[in-house]
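Trainee: give the three-dimensional model of this entry:
(chains A and B)
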Amino acid sequence: MEVQNSNMMKTSHLTREQIKQLARTSRREELGRNWYKFSRNPLSVIGLIVIIIIILAAIFAPQVSPYPKHAGPFTDFAHAKIAPNSTYLFGTDQIGRDILSRIIFGMRSSLLMGVVVLALVVPPGVLLGLISGYFNGTWIDTVIMRITDIFLSVPALMLALAFASVLKPNLWNSMLAVSLMWWPWYTRLVYGLATTLRNEYFVSAAEVTGASTAHILFREILPNTLSPILTKMSIDIAWVIIIGSMLSFVGLGVQPPEPSLGTMIADGADYLPDQWWIVVFPALAIVVIVLGFNLIGDGVRDMFGGEEN
Amino acid sequence: MSMIRFIFRRILYSVFVLLGLSIVIFIIARIMPGDPARMSVGARAPQWVVDRIREQMHLNEPLVMQYFYWVSDAAQGDFGLSLITQRQVTDDIKEFLPASIELAFYAALIASTLGIGLGILSARYKDTWVDNLGRIISYAGVVTPSYIFAILFILLFGFALKWFPVIGRLSDDVVTPRIITGLVSIDALIQGQFHTFLDSIWHIALPALALAMGSIAQAARITRSSMADNMNKDYIAAARALGIKEREIMGRFLLKPSLIPTISILGLDIASILSVAFLVESIFNWPGLARYGMNAMLYKDLNAISAVILVFGAAFALMNIIVDIIIAQLDPRIRLRSSRSD
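Mentor: Numbers count the residues shown, from 1 in each chain, chains lettered A, B, ... in the order given. Got it, this is the predicted structure:
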């Protein structure tokens, strides 16, 4: 960001169109460089491919799943508890629904959960972190960070469960519950970065030239916190999906007959060990999603030059 | 002296955080639609009963006063009656907490020994097949939620190989030892019932391992990378140059500083093991607090929910203090800093 600004200053005799052109090529170069760093680790690329396949399957679930009807209120007791075979690749569950189809539809709500929760959590979390980091040492900082501490004093799952339990159990309320417990992680992350960044010369320079607080927060400090935020997001999405599956496992998430991986595992656990496929395939589906996002997360970390752990 | 002051300040801070947590819980409990008094007696109870309970629960007073009544009762260990069990929530917690603590204790034991052990091995045999195996194990541990491990372990070690039992705390033919601590294995050991002790360990092994897997992975990763970092430090090169044996370098000079990040992560992990135990306890039919809390949540049993969360919050805070003390002991820099800042 800073480099780009100085480039533009040096080239101020160029026409507006030429400057735009320069910015575009440098952005394209940066993209290429990032992709190079990301793809250096073949595992990250595998993770990316897996997740793209899963996302496509989830979007086109009605088209790709072999029995789309089985994702709804459907029963076929004549074909219940059939072991995996060529007709039902992953077998059928206790009331005769195709497990593969239900997994594909279940991934829909898992992915939706991950995306929606992060979309709800990151902006306020980052904003609060920026503010308390910039006003480090004032009462604003104290209030925000002490509230953050309170939320971080209990495992997120506990509070999310408690909050979800007083609401009507469904997918949207479980997203809300997880979101309410998740923002403090971003606040703390950005706070740590912002407290050091606010002492940098470019921030002081902006202050001296009379830049507004909003300009300093969003144009000077925020761009420099983006890579840790993005790295955290790429790993967090897997965590959110796990917590979402736990909520639905307990019965506080997606409600039947709509499929969700957590509920499928909870129901299937009753049929162990004879009908193992009812529980094993949804469980593996969660592992594959989480693995995929984690591999991508590692790639993103490589991309921004972060260290291991 | 400075250590006592350090501990005192940490405790004071935890009390503040717990008070804040109690406000959050109170707000959550009040968000719930419906009249708490009506819910506690059921739909059929006559109105005058509800009114009397409203009076007892201070529901006619302003919210701030309600909170003060609630939190001062809670501080004295009175969380009211549970809707499900119709007993004092405090009694329920006393009954169910020991099983959870026992589970978390063994999970912590497994996590720290296996995790740190694996990390040391990976660092010692860096870039060999041992290291690669360790890496695969830690990756699997990180990406697989504990409740999925629980199911896979039940299938593999419980049903297929029949190595471990999949349910309960003791075999049917083994008599439960007299309750002293509530931790079956410890009670058996105190009373010298060695057979009962082994039986309880045999029962707790699978759920504890399932809970520990994630922390094993974390601990191994962090131990490995911090040992690998420290391995390149000058003081290790100096020790080598002085001709100190590799074994002693590993054990005395490398391990201690390398364990500091591991312990701080493990401490938090172990505290959150208690909460993830929710699902593992229900899969193994383990009579712990987490399962009790889960039922409370499904039946909207507010008193029980609030109490369970506060207990978990307190456990989390306590673990944090313990971890801080251990780290201060291990790391002289922190000890000095905390005494100098006074």
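Trainee: pLDDT weak spots in the stretch 201-309 of chain A?
Mentor: A:305-309 (pLDDT under 70).
Trainee: who in it is up against chain B?
Mentor: Contact residues (CB under 8 Å from any CB of the partner chain) of the stretch 201-309 of chain A with chain B: A:238, A:242, A:245-246, A:249-252, A:265, A:269, A:272-273, A:276, A:279-280, A:283, A:286-287, A:290-291, A:294, A:308-309. Placement of C-beta: from N, CA and C, glycine included.
Trainee: in helices, which of those appear?
Mentor: Residues of these located in helices (DSSP state H): A:238, A:242, A:245-246, A:249-250, A:265, A:279-280, A:283, A:286-287, A:290-291, A:294.
Trainee: out of the residues you listed, which is most surrounded?
Mentor: A:Ser245 (33 neighbours; other CB atoms under 10 Å in any protein chain shown).
Trainee: and the residue nearest to that one when sequence neighbours are not counted, what does it touch?
Mentor: Leaving aside its sequence neighbours, A:Ser245 sits nearest to A:Gly262 (CB to CB, 6 or more residues apart in numbering or on different chains; 3.7 Å). With contact set as CB atoms under 8 Å, 6 or more residues apart in numbering or on different chains, A:Gly262 has these partners: A:Gly244, A:Ser245, A:Met246, A:Leu247, A:Ser248, A:Phe249, A:Val250, A:Gly253, A:Val254.
Trainee: surely the fourth one meets A:Ala160?
Mentor: What that stands for is A:Leu247. Yes. Contact criterion CB atoms under 8 Å: A:Leu247 and A:Ala160 qualify, at 6.7 Å.
Trainee: which neighbours do the two share?
Mentor: Contact criterion CB under 8 Å, 6+ apart; residues shared by A:Leu247 and A:Ala160: A:Ser174, A:Ala177, A:Val178.
Trainee: distance-wise, check whichever residue of the stretch 1-150 of chain A sits closest to chain B relative to B:Leu118.
Mentor: Nearest residue of the stretch 1-150 of chain A to chain B: A:Ile150, at 3.5 Å (CB to the nearest CB). Per CB to CB, to the nearest Å, A:Ile150 is found 35 Å from B:Leu118.
Trainee: between these two, which one's more packed in?
Mentor: More crowded of A:Ile150 and B:Leu118, by other CB under 10 Å: B:Leu118, with 24 against 20.
Trainee: in three-state terms, label that one for me.
Mentor: Secondary structure, DSSP: H, G, I helix; E, B strand; the rest coil: B:Leu118 is helix.
Trainee: buried residues, stretch A:271-284. List them.
Mentor: By neighbour count on 16 or more other CB atoms under 10 Å in any protein chain shown, the buried set for stretch A:271-284 is A:Leu272, A:Gln275, A:Trp276, A:Trp277, A:Ile278, A:Val279, A:Val280, A:Phe281, A:Pro282, A:Ala283, A:Leu284.
Trainee: now for the fourth one: which residues touch it?
Mentor: It refers to A:Trp277. Per CB under 8 Å, 6+ apart, neighbours of A:Trp277: A:Ala83, A:Pro84, A:Phe90, A:Gly91, A:Ile99.
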